[in-house]
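Undergrad: the sequence isn't on hand, but the structure is:
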């Protein structure tokens, strides 16, 4: 947890040529351990950037590396498969598997070589860490918004990820609940000691959760980035320049 | 056996005529045990349809998963090829299968070398005919059911360390389950009743390839109306029963 942040940092540079149904993207930024907030107007490529980092889509050019490990490099045709990248991805829709219980959802991402017993213990520990231990045997159809949120986070983080990608994970919740969960999750995310990319529309959420920010413009380019304290200034600057 | 099939085909041509001289000598012995006349073909139909449905399930779900999930060159061609049995005349389809799997074709010879019996004019041929007929139903309905599963769920499975194979079998296929089961039930009903292609490549051999639909044809040719009626009633009830069950299944509470 106290590792040199550079040893775990995520370096992204990704370019996408616009095609039918996709927009242009041309981003480059570094995200050390801690929470980096990814901001920008709708259609600026925030989700696309997350997909590229996860390996769910292949950029036309660029390089994606975590620590010393290269996941993608267009010049050497390196492209690590999604299932080998070890990213924790929490989707906006949460994407809990409706046919599996909360415990089975969390167990899905755990190493299959682990014994059943140790897996069971990990599942219980993660559900309890997010205070949803009581949901273990239930299926997602019966969860409230906040409960589903917690199970989705537990499932993603249980995989001992190298990078955590959160795509507006709190957007479905009302404001008080969102604030409560965000504060709770913030501590857990910091403890992991890996880069966390949080996509959000909510400036308050960005300020309260983030350590750093990356601001994208309409054309899918990085407009500003820096420490979270400079966010207001950067956004005012951005509005002035429009 | 080739001769037998030609007689069978010519029998089909005479379907509306008065000439029933094309009946087979074997029928005389079959007629002696009345119940066997329609129970044996029905049992044979069930056996062939079961094997054919299993084969169509493996091939059809495999093809459907490719068509639903993978973009590749020739995808549209594959789609057309597996759908063709729905629109091609059975005689045309049967002709292609005779050419492809006949005793002098590479496939036919390889099969005969391994299993010791040819594909055409055997029970294997009847299974092949029923499988080919059922395949488009399995592919089309399973593909639709697979495509209806939220792709984000498959993506989530991948980020959780699942190989594409595991994401398919653990997430996409179970969630498409109802649609796929409905497809297999339709496929079973379809393979139970194949007539044209079976006649073309398997002939009408009592006890071997004379399925219920062929036996109905023969019974009518020979004016054995009650045998025909019994099999007609049985096939009708099975087909309508399957349709009813499929309708119930597809409209179920968790339809996605």
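TA: Alright, I've got the coordinates. Note that the structure is predicted; figures quoted are calculated from it, not measured.

Undergrad: beta partners of the residue positioned nearest the centre of chain A?
TA: Centroid-nearest residue in chain A, with CA atoms, centre = their mean: residue A:165, separated by 1.1 Å. Beta-bridge pairing for residue A:165 (DSSP bridges): residue A:89, residue A:197.

Undergrad: name the nearest residue to residue B:176, ignoring sequence neighbours.
TA: residue B:145 (3.9 Å; CB to CB, 6 or more residues apart in numbering or on different chains). C-beta coordinates here come from the backbone N, C-alpha and C atoms, glycine included.

Undergrad: next: residue B:86.
TA: Leaving aside its sequence neighbours, residue B:86 sits nearest to residue B:136 (CB to CB, 6+ apart; 4.5 Å).

Undergrad: do the same with residue B:186
TA: Nearest to residue B:186 is residue B:137, by CB to CB, 6+ apart, at 4.9 Å.

Undergrad: other SSEs contacting the longest helix anywhere in chain A?
TA: Looking across chain A with DSSP state H, the single longest helix is helix A:175-192. For helix A:175-192, the helices and strands in contact under the criterion 3 or more CB pairs under 8 Å, 6 or more residues apart in numbering or on different chains; DSSP states H and E are strand A:34-39, helix A:145-157, helix A:203-209.

Undergrad: now for residue B:66, how many residues are close by?
TA: Look at residue B:66: counted by other CB atoms under 10 Å in any protein chain shown, it has 16 neighbours.

Undergrad: name the helix or strand of chain B that has the lowest mean pLDDT.
TA: In chain B, no helix or strand scores lower on mean pLDDT, DSSP states H and E than helix B:2-13, which sits at a mean of 40.

Undergrad: who's in contact with the residue nearest to residue B:186?
TA: Residues in contact with residue B:137 (CB atoms under 8 Å, 6 or more residues apart in numbering or on different chains) are B:56, B:60, B:86, B:183, B:186, B:187, B:190.

Undergrad: which parts of stretch A:121-134 are buried?
TA: Residues of stretch A:121-134 classed as buried by neighbour count (16 or more other CB atoms under 10 Å in any protein chain shown): A:122, A:123, A:126, A:127, A:129, A:130, A:132, A:133.

Undergrad: excluding its backbone neighbours, what's nearest residue B:158?
TA: Spatial nearest neighbour of residue B:158, chain neighbours left out: residue A:82 (4.2 Å); criterion: CB to CB, 6+ apart.

Undergrad: got it, and residue A:152?
TA: Per CB to CB, 6+ apart, closest to residue A:152 is residue A:94, 4.1 Å.

Undergrad: please apply the same query to residue B:188.
TA: residue B:53 (4.5 Å).

Undergrad: just residue A:95 next, same as before
TA: residue B:156 (3.8 Å).

Undergrad: quick check: phi and psi at that neighbour.
TA: Per-residue torsions, residue B:156: phi -60, psi -40 (degrees, to the nearest 10).

Undergrad: tally of neighbours for it?
TA: Neighbours of residue B:156 using other CB under 10 Å come to 28.

Undergrad: could you do residue A:73 as well?
TA: 16.

Undergrad: that one against residue A:63, yeah?
TA: Yes: the pair residue A:73 / residue A:63 is scored as a contact, 4.7 Å apart, by CB atoms under 8 Å.

Undergrad: now residue B:213: how far from residue B:126?
TA: 11 Å (CB to CB, to the nearest Å).

Undergrad: starting at the chain centroid, how far to the helix or strand encompassing residue B:218?
TA: Here residue B:218, judged by DSSP states H and E, is contained in helix B:212-221. Distance, stretch centre to chain centre, for helix B:212-221: 18 Å (CA atoms, centre = their mean, to the nearest Å).

Undergrad: one more: stretch B:146-165?
TA: 31 Å.

Undergrad: buried stuff in that stretch?
TA: B:146, B:149-150, B:152-162, B:164.

Undergrad: what is the mean pLDDT for stretch A:222-233?
TA: Stretch A:222-233 shows a mean pLDDT of 86.

Undergrad: could you look up the SS state of residue B:114?
TA: Assigned by DSSP: H, G, I helix; E, B strand; the rest coil, the conformation of residue B:114 is helix.

Undergrad: what is the mean pLDDT for the helix or strand following the helix holding residue B:218?
TA: Next helix or strand after helix B:212-221 toward the C-terminus (DSSP H and E): helix B:225-250. In this model, helix B:225-250 has a mean pLDDT of 89.

Undergrad: which other helices and strands contact helix B:225-250?
TA: By 3+ CB pairs under 8 Å, 6+ apart, helix B:225-250 packs against helix B:34-69, helix B:177-192, helix B:212-221.

Undergrad: got the angle for it vs helix B:34-69?
TA: 30 degrees (axes from the mean of the first three to the mean of the last three CA atoms, to 10 degrees).

Undergrad: what are the buried residues along helix B:225-250?
TA: Using 16+ other CB under 10 Å as the test for burial, helix B:225-250 gives B:227, B:228, B:230, B:231, B:232, B:234, B:235, B:238, B:242, B:246.

Undergrad: okay, those residues in JSON lines with distance to residue A:213 next?
TA: Listed next are the buried residues of helix B:225-250 as JSON lines, based on distance: CB to CB, whole Å:
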{"residue": "B:227", "distance to residue A:213": "82"}
{"residue": "B:228", "distance to residue A:213": "80"}
{"residue": "B:230", "distance to residue A:213": "78"}
{"residue": "B:231", "distance to residue A:213": "75"}
{"residue": "B:232", "distance to residue A:213": "75"}
{"residue": "B:234", "distance to residue A:213": "72"}
{"residue": "B:235", "distance to residue A:213": "69"}
{"residue": "B:238", "distance to residue A:213": "66"}
{"residue": "B:242", "distance to residue A:213": "59"}
{"residue": "B:246", "distance to residue A:213": "54"}
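
Undergrad: nearest to residue B:203 among those?
TA: For those, the closest approach to residue B:203 (CB to CB) belongs to residue B:231, at 18.5 Å.

Undergrad: look up how far residue B:41 lies from the closest one.
TA: Residue B:231 is 7 Å from residue B:41, where distance means CB to CB.

Undergrad: same check on residue B:200?
TA: On the measure of CB to CB, residue B:200 and residue B:41 end up 18 Å apart.

Undergrad: which residues of the stretch 51-200 of chain B lie near chain A?
TA: B:150, B:152-153, B:155-163, B:170-171, B:174-175 (CB under 8 Å from any CB of the partner chain).

Undergrad: low-scoring pLDDT stretches of chain A, where are they?
TA: Residue ranges of chain A with pLDDT under 70: A:1-6, A:237-242.

Undergrad: up against chain B, what does chain A have?
TA: A:54, A:56, A:81-83, A:85-89, A:91, A:93, A:95, A:97-99, A:108-109, A:111, A:155-156, A:159.

Undergrad: buried residues, stretch A:8-28. List them.
TA: A:8, A:9, A:10, A:11, A:12, A:13, A:14, A:15, A:16, A:25, A:26, A:27.

Undergrad: quick one, what contacts residue A:196?
TA: Residue A:196 touches A:31, A:34, A:35, A:36, A:163, A:164, A:165, A:166, A:189, counting by CB under 8 Å, 6+ apart.
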